[in-house]
Structure formats: C-alpha cells, structure tokens
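In: this is a predicted model, with the sequence first.
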Amino acid sequence: MRKATSLFLAIFFLLGCIAGCGQKKNTTTNNPPVVRDIAVLTLDGEMSGLTADQTRELGNTVAWMDRDLIKNLNKAGFRAVLIKNMHEYKADMGKLLIAEVERFNAGNRAARALVGFGAGAASLDLRYKLLDEKGGTLAEWRDGVGSSKGATYCAETLNRKAVDKITSTLQ
C-alpha cells in the first residue's frame, strides 16, 4: 500500500513539473504603454445636515477613498496625483477628475455588528466630472452604492467603477 501511494505521489509530482515547463509566450510588445497623467480632486459637497461624528466619518472615508483611487489609477497605467483644491491644478498635470460627494450615510456600526443582514448599512453617492487639460468636459456621471460592510467598502466599489469608466473614456 505504501509503495502504491509513493508511486502515485511521484507520478503526480512528475506530471506537475512537466506541465509547468511549457514554453512561455512572448507578451512584450513593440509599443510600450502610454503613461497618461491625471489629477484627482475630491469635494465634500453640501453636507450641512451631518452631525459632527458623521462629518468626521465622511472625512475619514474621503481620505481613504483618495488614497485608494490614486493607487487604482496608477495600477491602470495612469500617473495620478491628488490635489486638495482647484487652484493647485495645472494643465501639465493632464486630465482632471473631480469627484463630489452628493450624499453620505455612515450607517451604524453597532447595528452592522449586532444585527447584520444589511442593518446599519452605509451609502455613498458621488458625482464625477472628467475634464481635459483645457477644462472641456470629457465625461460626466453619477454613481452610488451601499454596503453593509461600511463606507470604505462603498468607496472601494465606486473607485473601481470610476477607473473602468475613465479608462474606457480615454481609449
């Protein structure tokens, strides 16, 4: 019985090694990818109805969203830079993405933890505007999402969708 098991393992290992030794396809191209510059500006929007705790949660969410969006844009082949206000933008920074918070609900962490099933869900609605270097509008759209996992999960989903939209718009 031991010999049969050892023989089976040896054959399995040998097949695994042989299967991994196939020729690798050449994936390099003669045209290197074009680096596209883009500046990102996030605006909090009109949030006067929020409490101090909700405002702090929105600030934390937007800060996380900005870092994640820059990371995702860079992964997609952009050279992204975050700016804090419109006065920082210069035409040599490339395109400009403005993301403005339209609605924000931080949800309730206690309800999410204790009840589950969508109770205490967070939601985030954004309005996007993609501008060219001269200020012309390339694309405008709205998007929103809710999550029972919290506001950063909302931001993560919106960032992923925004990168897809920007990439398809600029192709």
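Out: Great, that's in hand. Residues are numbered from 1 along each chain as shown.
In: please name the bridge partners of the closest residue in space to Gly146 that isn't next to it in sequence.
Out: Closest residue in space to Gly146, ignoring its immediate chain neighbours: Ser123 at 3.9 Å, by C-beta to C-beta, 6 or more residues apart in numbering. C-beta coordinates here come from the backbone N, C-alpha and C atoms, glycine included. Beta-bridge partners of Ser123, counted by DSSP bridges, are Asn105, Gly146.
In: how far away is Ser123 from Thr61?
Out: According to C-beta to C-beta, to the nearest Å, Ser123 and Thr61 sit 11 Å apart.
In: more neighbours: which of these two?
Out: For Ser123 versus Thr61, neighbours defined as other C-beta atoms under 10 Å are more numerous around Thr61 (20 against 15).
In: which residues touch the more buried one?
Out: Phe104, Ala106, Leu124, Ala151, Thr152, Cys154, Ala155 (C-beta atoms under 8 Å, 6 or more residues apart in numbering).
In: SS state for it?
Out: When classified by DSSP: H, G, I helix; E, B strand; the rest coil, Thr61 comes out as helix.
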